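J.: Take a look and give me a structure for this.
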Amino acid sequence: MKQSLYNREDRINFIYNVLITNMSEEQYSVELKTEFVDAEANTIKTILENLNLLVSELKPNLPNDWKWERMNFLERAILINGLAEIKLFKNSKSIVIDESIEYAKKFNDLKTPPLINAILDNY
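T.: Residues are numbered from 1 along each chain as shown. Presented below is the predicted three-dimensional model:
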């Protein structure tokens, strides 16, 4: 499945909104239907259905001085989406990492892109 950076950014933004608002499955299902075409909505729904699994895989790969709970929600959303693309959807690891880093550069501080790279490179 080919994906554009634009779709990836929309997906990350949606995951971010779910995380920051603690949106329920019922709420995000309604939002998905109104904001995304079916294929993209299904992709996001699959990620959110596997959210706990993805987070549990990410936590052990954080650097020792980082805690998941202290990371900002956008960093979390980028990592969740990146891991889902690599593990669940079997997208090219190098492309996923590169585009995740580019997105992180837009909205996070200088520490985030190397962190995203280091964590996602473990998969």
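J.: how many other residues sit next to Asn42?
T.: When neighbours are defined as other Cβ atoms under 10 Å, Asn42 has 12 of them. (Each C-beta comes from the backbone N, C-alpha and C, glycine too.)
J.: helices and strands of this structure: which one has the lowest mean pLDDT?
T.: Ranked by mean pLDDT, DSSP states H and E, the weakest helix or strand in the chain is helix 5-21, scoring a mean of 90.
J.: What helices and strands are in contact with the helix or strand that it is followed by?
T.: Next helix or strand after helix 5-21 toward the C-terminus (DSSP states H and E): helix 25-35. Applying 3 or more Cβ pairs under 8 Å, 6 or more residues apart in numbering; DSSP states H and E, one finds that helix 25-35 contacts helix 5-21, helix 38-49.
J.: Show me what the last one is packed up against.
T.: If contacts are counted by 3+ Cβ pairs under 8 Å, 6+ apart, helix 38-49 sits against helix 5-21, helix 25-35.
J.: Give me the angle between the last one and helix 5-21.
T.: Counting by axes from the mean of the first three to the mean of the last three Cα atoms, to 10 degrees, helix 25-35 lies at 150 degrees to helix 5-21.
J.: tilt between helix 25-35 and helix 38-49?
T.: If you take the same axes, to 10 degrees, helix 25-35 sits at 160 degrees to helix 38-49.
J.: For helix 25-35, which outside residues touch it?
T.: 14, 17-18, 23, 41, 44-45, 48 (Cβ atoms under 8 Å, 6 or more residues apart in numbering).
J.: And that helix, what's buried?
T.: 28, 32 (16 or more other Cβ atoms under 10 Å).
J.: do stretch 61-78 as well
T.: Neighbour counts using 16+ other Cβ under 10 Å place 62, 71, 74-78 of stretch 61-78 among the buried residues.
J.: I'd say Ile80 and Glu49 touch.
T.: No: with contact defined as Cβ atoms under 8 Å, Ile80 does not count as touching Glu49 (12.0 Å).
J.: if we can go back for a sec, using CSV, lay out the buried residues of stretch 61-78 together with secondary structure.
T.: Listed next are the buried residues of stretch 61-78 as CSV, based on DSSP: H, G, I helix; E, B strand; the rest coil:
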residue, secondary structure
Leu62, coil
Met71, coil
Leu74, helix
Glu75, helix
Arg76, helix
Ala77, helix
Ile78, helix
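J.: Thanks a lot, catch you later.
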